[in-house]
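K.L.:
the sequence and its predicted three-dimensional model are supplied below.
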Amino acid sequence: MKVAKSLLLGSAAVLATVAGAQAADLPTRKAAPVQYVKICDAYGAGFFYIPGTDTCLRVGGLVLTDIAVSNTPFKGNVLAPQTTTLAAFAAGGGAGPITNTPSASRDAVGWQALGRVELDARTQSPWGTVRTFLRIDSYFGAGATANTGALSNTIINGVPAFGAAAFANAQLGTQAARETTILNKAFIQFAGITAGRIQSMFDFYADAVGYTGLRGSNQTVNALAYTFTFGGGFSATLAIEDAVSHRGVGTINNVIPAGVAIPAFVTQFLGTRMPDVVANLRLDQPWGAAQLSGAVHRVGSGLYNATTIAPAAGFTIPAGALLNKTDSLGFAVQGGLMFKLDTILSPGDVLWLQATYAKGAIGYASGANLAFVNGVNTSTNYGVGLARVSSGSGFNEYADGDCVWTLQGSCEKSSAFAITAALRHYWTPTISSTLSGNYYSVTYSSAAVNPMQFAGLNAAGAFSTGVTNYKEMTLATGLEWNPVKGFGIGAEVAWQHGITSKPAGLAQDATLIAAGFPAFKSQSDLFRGRVRMYRAF
């Protein structure tokens, strides 16, 4: 048995040796290393192929934080003109619809943080590049100067309160912290077509310089656009854009039906019937760019009574009934120039000039529609833009609108004008400064500004307080250090000067002071300092 076992083991060893030798003689191929990411250089830096596809993707983002400090007279809550009796008017009843905010309850410090994620996917096709772009922004804002969706903190018994009730409880003015996530951009581009949520095709400057938002058009909208390129740097775009993102909140200067007791009125936008029609003609050259823009905007507003009305004839108009409506067209035009000053001053230097006029389309002139002046994700407020600078005495201003209902029985369109200039200069390749300025004005019809008496409504008659015209001047300058590309540390100071016409119907100063209000001041100044750090990748 021992001999047999030895023979078997020896045979196995010989066979193993022979098999190993034969295997060593066979040709072999080393496995190719797995390539997880393949660079795509067809569309610039940062793109890579999505594994298993011919689609190139760029992943980007932004983290930003800043602290802003301003003087306490700043406030931007709503002032709603209201009807008052003749007796109250004569006694200075106009103080009623104008709410005073004590300086102590106004936020002087605001702190905001922004987190952004971007995806840019591109695929080549026989008809050109198919591009898909997505940008998600998530904000945290604390304080009125953050402009990131902070809400009024006027809460009475768990319910938001405004006007006299809020003033009586001495809570109006402070801002609650707010966390907000929004769809900033989401669009598809193909063969000259752009569809989705985009920067409005009307826009040009759109706050390209510095930290302070300026007047003019800077609007994010849903749109369907086609851009035709002529060659030589010329292009033309025709777009339809959603009206909701452009329209300004409506304002009321009460209409009183003959023989009707003084009611409470509300306004509401009419149902959407047409989009805004936007077009631009643009020239891009080595020296810079030029653009002319135009837009047509529907102004549709209904006037409703808030309570049941009982006219003298004895029949009733139920609450919510439509009393009147206005359905007309507004428009906006804009011209802009951008000069690259690389050969004149320093590489990267740029100068922007822009002028905007709007009639019944306040959103095209009032500034960024994502400023969240009247709240977040409220369809009636997207076109409001930036807030007014409130009067130095602390009387709250209201949001300007596309039109104002007047005692003439129609919603009369506002007019707005804005002119902007902005300069960025690089002192060194990593240190730059900015200087920007803005003039802005909003004008309403005389019927909207001045009250009108209606006799016979009751023993005293009735008045309606008027809205106010407004002018504003802004100047901002800042300094920024960029030690590496996409990373910046900077500071900016800004001054805004607001001029508000005195509301018709407001009591004289002596009456206001006797009632516990400060004297009205038509001019005010807002000073703001801001420190910011951001990292884009």
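P.N.:
That came through fine. Remember, predicted model here, so these are calculated numbers, not experimental data.
K.L.:
residues contacting Ser433?
P.N.:
424-425, 427, 477-480 (CB atoms under 8 Å, 6 or more residues apart in numbering). All C-beta atoms are positioned from the backbone trio N, CA, C, and that covers glycine.
K.L.:
Ala416: helix or strand, and which one exactly?
P.N.:
Following DSSP states H and E, the helix or strand that holds Ala416 is strand 415-428.
K.L.:
by contact count, what packs against that strand?
P.N.:
strand 350-359, strand 431-443 (3 or more CB pairs under 8 Å, 6 or more residues apart in numbering; DSSP states H and E).
K.L.:
most tightly packed of those?
P.N.:
Mean neighbour count (mean count of other CB atoms under 10 Å) peaks for strand 350-359 among the helices and strands packed on strand 415-428, with a mean of 21.
K.L.:
specify the beta-bridge partners of Ser436.
P.N.:
Judged by DSSP bridges, the bridge partners of Ser436 are Ala422, Ala476.
K.L.:
so it sits right up against Gly216, yeah?
P.N.:
No: with contact defined as CB atoms under 8 Å, Ser436 does not reach Gly216; the gap is 11.1 Å.
K.L.:
what angle separates the strand holding Ala416 from strand 431-443?
P.N.:
170 degrees (axes from the mean of the first three to the mean of the last three CA atoms, to 10 degrees).
K.L.:
tell me which residues in strand 415-428 are buried?
P.N.:
By neighbour count with 16 or more other CB atoms under 10 Å, strand 415-428 contains the buried residues 415-426.
K.L.:
how about the strands in the stretch 201-350 of the chain?
P.N.:
For the stretch 201-350 of the chain, applying DSSP state E, counting those that start in this stretch gives strands covering 216-218, 220-231, 234-241, 251-252, 265-269, 276-285, 288-305, 322-340, 350-359.
K.L.:
output the ones you listed in a markdown table; the columns should cover distance to Ala504 and mean pLDDT.
P.N.:
Formatted as a markdown table, the strands of the stretch 201-350 of the chain follow (distance: least, CB to CB, whole Å; pLDDT from 0 to 100):
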| stretch | distance to Ala504 | mean pLDDT |
| --- | --- | --- |
| strand 216-218 | 29 | 95 |
| strand 220-231 | 35 | 96 |
| strand 234-241 | 36 | 98 |
| strand 251-252 | 14 | 58 |
| strand 265-269 | 18 | 72 |
| strand 276-285 | 32 | 98 |
| strand 288-305 | 20 | 90 |
| strand 322-340 | 22 | 91 |
| strand 350-359 | 22 | 98 |
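K.L.:
can I get those strands in JSON lines including distance to Lys521?
P.N.:
Output for these, formatted as JSON lines (distance: least, CB to CB, whole Å):
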{"stretch": "strand 216-218", "distance to Lys521": "27"}
{"stretch": "strand 220-231", "distance to Lys521": "35"}
{"stretch": "strand 234-241", "distance to Lys521": "39"}
{"stretch": "strand 251-252", "distance to Lys521": "22"}
{"stretch": "strand 265-269", "distance to Lys521": "29"}
{"stretch": "strand 276-285", "distance to Lys521": "37"}
{"stretch": "strand 288-305", "distance to Lys521": "31"}
{"stretch": "strand 322-340", "distance to Lys521": "31"}
{"stretch": "strand 350-359", "distance to Lys521": "28"}
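K.L.:
which of those sits most buried?
P.N.:
Across those, the average number of neighbours (mean count of other CB under 10 Å) peaks for strand 216-218, which reaches a mean of 29.
K.L.:
ok, it: who's next to it in the sheet?
P.N.:
Sheet pairing of strand 216-218 (DSSP bridges) gives strand 366-368 (parallel).
K.L.:
tell me, how many neighbours does Pro347 end up with?
P.N.:
10 (other CB atoms under 10 Å).
K.L.:
how about the contacts made by it?
P.N.:
For Pro347, the contact set (CB under 8 Å, 6+ apart) comprises 426, 429.
K.L.:
same question for Gly335.
P.N.:
By CB under 8 Å, 6+ apart, the contact list for Gly335 reads 290-293, 354-355.
K.L.:
how far away is it from Arg273?
P.N.:
29 Å (CB to CB, to the nearest Å).
K.L.:
go on, Phe133?
P.N.:
30 Å.
K.L.:
now swap in Val384 and tell me
P.N.:
In terms of CB to CB, Val384 sits 21 Å off from Arg273.
K.L.:
next: Gly210.
P.N.:
With CB to CB as the criterion, Gly210 and Arg273 are 39 Å apart.
K.L.:
more neighbours: the two, which one.
P.N.:
The neighbour comparison of Gly210 against Arg273 (other CB under 10 Å) goes to Gly210, with 22 against 9.
K.L.:
for that one, give me its contacts.
P.N.:
422, 424, 434, 436, 476-478, 492 are the contacts of Gly210 under CB under 8 Å, 6+ apart.
K.L.:
export those residues to a markdown table and tack on pLDDT and distance to Ile188?
P.N.:
Shown next, in a markdown table, are these (pLDDT from 0 to 100; distance: CB to CB, whole Å):
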| residue | pLDDT | distance to Ile188 |
| --- | --- | --- |
| Ala422 | 98 | 31 |
| Arg424 | 97 | 32 |
| Thr434 | 98 | 34 |
| Ser436 | 97 | 33 |
| Ala476 | 97 | 36 |
| Thr477 | 98 | 39 |
| Gly478 | 97 | 36 |
| Glu492 | 97 | 36 |
